[in-house]
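Q: How does the following fold in three dimensions:
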Amino acid sequence: MTIISDATAQDPTEELFSWFRTKLDTSPVYRDEEKGWQVFGYDDIARILADTTTFSSDTARSFNPPQPDLDFFDMGNLVTTDPPRHRQLRSLINSGFTPRAVAGLTPMIERITHTLLDAVDGADRFDLIDSVAYALPITVISELLGLPMEDEPLFRVWGEALGTVDAATVPPDQLRDEVAPAVRDMNAYLMDQVRRRRKQPTDDVISKLANAEVDGKQLEDGEIVGITGLTMFAGHATTMALIANAVLLFDRHPEAGAAVRADRSLLPDAAEEVLRLRPPFPRLARVVTTDTEIGGHAIAAGELVTPWIGAGNRDASRFPDPDRFDIHRHTGSSLVFGQGIHFCLGAPLARLEGRIALGILMDRYADIAVDASEPVEFENPWQLITPKRLPVRVS
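A: Below you'll find the model as predicted:
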């Protein structure tokens with residue numbers, strides 16, 4: 001975590017973006033001796049994401065040492081699951097996250113947003129993360145899953161632990177001493193929820209998973225836990241980053257913020273540009289299943305490949321003047337939510353939550369500015385691109 005005491009000081013994320021620019025200009029594909037192949041160009045990344053046969057998502061089992069708690073969770077981790085099981089598991093939860101299904105959540109999202117802002121009503125300064133950007137999506141996803149909000153402090157701890165898991169780069173002692181215990185606690189908690197739903201099903205996602213069947217067989221316990229845990233973590237991190245990064249960019253580009261205030265029809269495209277420029281998750285990971293090549297470089301089977309989607313979103317061959325924040329830009333081909341079969345399941349929900357929250361913030365406050373008198377804290381941008389604490393002044 002990085003703390004910036006002056007709001008005008010260098011955002012640590014800019015170091016990452018500068019590295020993207022250097023690599024795109026000089027070495028869009030190169031091999032790091034410790035971390036494997038690094039890929040930055042848009043076309044190469046799009047090809048990697050589309051070809052699930054050559055580029056497997058099963059990096060956890062390929063590079064992380066065996067660890068019972070993580071292995072149990074990874075049974076249902078859609079991010080690291082390949083076809084055909086990926087399709088079977090995803091189909092069980094996909095219907096609840098289609099654009100049509102998500103649109104029906106609008107009244108709930110609006111209600112929660114207003115309730116959260118009512119709690120800081122009358123205050124002219126507050127932390128946007130705790131008050132709205134984190135609180136909204138974790139409340140929404142908890143209601144959908146059927147998890148009690150009083151357990152939210154636990155969800156935050158587990159989310160931070162999952163966010164540190166990075167194939168082939170997590171030191172073994174950190175994996176053993178920090179990540180595994182948190183995942184073990186989460187697995188036990190979610191298994192307790194699953195057992196309850198099997199005895200007394202309710203109208204929530206966990207109940208559907210706990211009693212679902214694929215080819216006449218119930219899901220394995222680890223599959224249910226993995227799907228639920230991933231939904232809980234990814235389901236709030238993306239929206240949190242979208243809301244926080246949007247307020248940050250509107251503060252830095254007041255003309256863009258003013259334009260969106262004046263014409264709310266610009267908000268959807270503006271949100272997409274925020275996601276392109278500051279994607280919540282800057283990279284993915286794949287393992288090569290057969291000898292291949294990327295950008296003229298021979299890649300051997302079994303090697304790790306890291307597609308930097310944050311760099312692909314700044315590739316000038318796809319996005320002219322790519323480092324400029326342009327709310328009128330067409331970003332339909334952005335890599336922010338991935339592509340192909342692993343396209344982010346929660347993308348429609350994150351987009352809707354972000355648009356609703358930003359719209360209500362603009363309705364409530366004539367002005368929203370980053371509070372320069374308070375420290376801004378950032379997550380590690382190499383893992384998650386978002387402020388962790390974002391003090392704002394409102395009027």
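Q: how about low-confidence regions in the protein?
A: Residue ranges of the chain with pLDDT under 70: 1-10, 61-62, 64, 163-171.
Q: Longest helix of it, counting residues only.
A: In the chain, taking DSSP state H as the definition, the longest helix is helix 221-252.
Q: distance between that one and the chain's centre?
A: Distance of helix 221-252 from the chain centroid (Cα atoms, centre = their mean, to the nearest Å) equals 4 Å.
Q: residues of that helix that come out buried?
A: Residues of helix 221-252 classed as buried: 221-251 (neighbour count, 16 or more other Cβ atoms under 10 Å). All C-beta spots, glycine's among them, are computed from the backbone N, C-alpha and C.
Q: can you check stretch 341-355 too?
A: Of the residues in stretch 341-355, 341-342, 344-355 count as buried by neighbour count, 16+ other Cβ under 10 Å.
Q: Over to that stretch now: how far is its first residue from its last?
A: Taking Cα to Cα, to the nearest Å, the first and last residues of stretch 341-355 lie 25 Å apart.
Q: Check stretch 75-92 too.
A: So stretch 75-92: terminal residues 15 Å apart, Cα to Cα.
Q: which outside residues touch that stretch?
A: Here stretch 75-92 makes contact (Cβ atoms under 8 Å, 6 or more residues apart in numbering) with 52, 56-61, 74, 208-209, 212, 214-215, 219-220, 222-230, 234, 341-342, 345.
Q: those strands in the stretch 101-250 of the chain, which residues are they?
A: Assigned by DSSP state E, counting those that start in this stretch, the strands in the stretch 101-250 of the chain fall at 125-127, 213-214, 217-218.
Q: just so I know, which of the ones you listed lies nearest Pro99?
A: strand 213-214 (24.6 Å; Cβ to Cβ).
Q: who's in contact with that closest one?
A: Strand 213-214 is contacted from outside by 88-89, 92, 219, using Cβ under 8 Å, 6+ apart.
Q: For Asp283, which non-adjacent residue is closest in space?
A: Residue 283: Arg, not Asp. Residue nearest to Arg283 in three dimensions, not counting chain neighbours: Trp308, with 4.9 Å by Cβ to Cβ, 6 or more residues apart in numbering.
Q: Just give me how far stretch 360-369 sits from the chain centre.
A: Taking Cα atoms, centre = their mean, one finds stretch 360-369 lying 25 Å from the centre of the chain it belongs to.
Q: start to end distance for that stretch?
A: Start-to-end span of stretch 360-369 (Cα to Cα) is 15 Å.
Q: Give the other helices and strands that the one helix or strand Pro348 maps to contacts.
A: Applying DSSP states H and E as the criterion places Pro348 in helix 347-364. Applying 3 or more Cβ pairs under 8 Å, 6 or more residues apart in numbering; DSSP states H and E, we find helix 347-364 packed against helix 99-103, helix 106-118, helix 135-145, helix 221-252, helix 254-262, helix 267-277.
Q: what angle do the fourth one and helix 267-277 make?
A: Computed by axes from the mean of the first three to the mean of the last three Cα atoms, to 10 degrees, the angle separating helix 221-252 from helix 267-277 equals 110 degrees.
Q: the inter-axis angle of helix 221-252 versus helix 347-364?
A: Relative orientation of helix 221-252 versus helix 347-364 (the same axes, to 10 degrees): 40 degrees.
Q: So which residues of the stretch 1-150 of the chain form helices?
A: With DSSP state H, counting those that start in this stretch, the ranges of helices along the stretch 1-150 of the chain come out as 13-26, 42-50, 59-63, 68-74, 85-94, 99-103, 106-118, 128, 135-145.
Q: Next, name the residue at the spatial heart of this protein.
A: Against the mean C-alpha coordinate of the chain, by Cα atoms, centre = their mean, the closest residue is Thr238 at 3.7 Å.
Q: Apart from its chain neighbours, what residue comes closest to that residue?
A: Per Cβ to Cβ, 6+ apart, closest to Thr238 is Ala350, 4.3 Å.
Q: do Gly222 as well
A: Excluding the flanking residues, the one nearest Gly222 by Cβ to Cβ, 6+ apart is Met75, at 3.2 Å.
Q: do you know how far the one you found is from Gly229?
A: Relative to Gly229, Met75 is positioned 11 Å away (Cβ to Cβ, to the nearest Å).
Q: contacting residues for Val370?
A: 7, 247-248, 251, 376, 390-393.
Q: Which strand residues bridge it?
A: Applying DSSP bridges to Val370 gives these bridge partners: Val392.
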